[in-house]
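Trainee: I'll drop the sequence and a predicted model, then ask my questions.
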Amino acid sequence: MIGRLNHIAIAVPDLDAAAAQYRDTLGADVGAPVAQPDHGVTVVFIDLPNTKIELLHPLGETSPVAAFLARSPAGGIHHICYEVADIEAARDRLVTEGARVLGDGEPRIGAHGKPVLFLHPKDFNGCLVELEEA
Ligand SMILES: CC[C@H](C(=O)O)C(=O)SCCNC(=O)CCNC(=O)[C@H](O)C(C)(C)COP(=O)(O)OP(=O)(O)OC[C@H]1O[C@@H](n2cnc3c(N)ncnc32)[C@H](O)[C@@H]1OP(=O)(O)O
Ligand SMILES: [Co+2]
């Protein structure tokens, strides 16, 4: 069911500083910050030869990333995003197998204009999993 690794997300306390570090210190191809108010984040995508890095910073009062940074003020790996061919079929299979799909269980449009879902970290070895329809 899961396919390619679409991205690894890192929550950061200072988005501009993290983007500059990837651009200048690590020599990476760093995109511009994009506000994603529906998801409560501002994101910067970094293109790598075999996947992407998503830098995340809280946006708005109800950002899900704010609580993460309150627990880990220096930042840290926030989630892993796998691609799936059919996100509703994937959701239905996961629910059948007892996994918790976060939110109302309905896919929402993510940073790439594709439907995404999130799976509870406690069901996947302490790792927040995002699924994005390829
Ligand atoms: C523009 C979209 C973009 C894209 O790529 O398309 C994005 O990726 S948007 C990313 C931001 N959105 C989300 O993260 C939505 C899903 N997240 C959530 O619903 C919450 O963050 C949740 C439920 C994962 C955690 O909520 P909260 O921070 O309030 O913590 P809890 O007390 O509910 O946590 C329970 C338990 O889980 C541990 N936890 C929390 N976050 C993570 C994490 N990112 N990775 C691993 N573990 C996590 C937390 O420490 C608690 O563990 P415990 O042992 O009980 O203390
Ligand atoms: Co993501």
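Mentor: Looks like it arrived, so ask away. Ligands and ions are numbered 1, 2, ... in the order given.
Trainee: can we go C-alpha only for contacts and neighbour counts from here?
Mentor: Noted.
Trainee: What ranges does this protein have for its helices?
Mentor: Counting by DSSP state H, the chain has these helices, from start to end: 15-20, 64-71, 87-96.
Trainee: in terms of contact, does residue 64 touch residue 42 like I think?
Mentor: No - assessed by Cα atoms under 8 Å, residue 64 is found out of contact with residue 42, at 11.6 Å.
Trainee: The two: which is more packed in?
Mentor: Per other Cα atoms under 10 Å, whichever of residue 64 and residue 42 has more neighbours is residue 42, with 20 against 15.
Trainee: What number of residues are in the vicinity of residue 44?
Mentor: A count of nearby residues for residue 44, using other Cα under 10 Å, gives 24.
Trainee: hang on, isn't it packed against residue 18?
Mentor: No - look at residue 44 against residue 18 with Cα under 8 Å: they stay out of range, at 9.3 Å.
Trainee: Now the common contact residues for these two.
Mentor: Shared contacts of residue 44 and residue 18, defined by Cα atoms under 8 Å, 6 or more residues apart in numbering, comprise residue 55.
Trainee: Thank you, goodbye.
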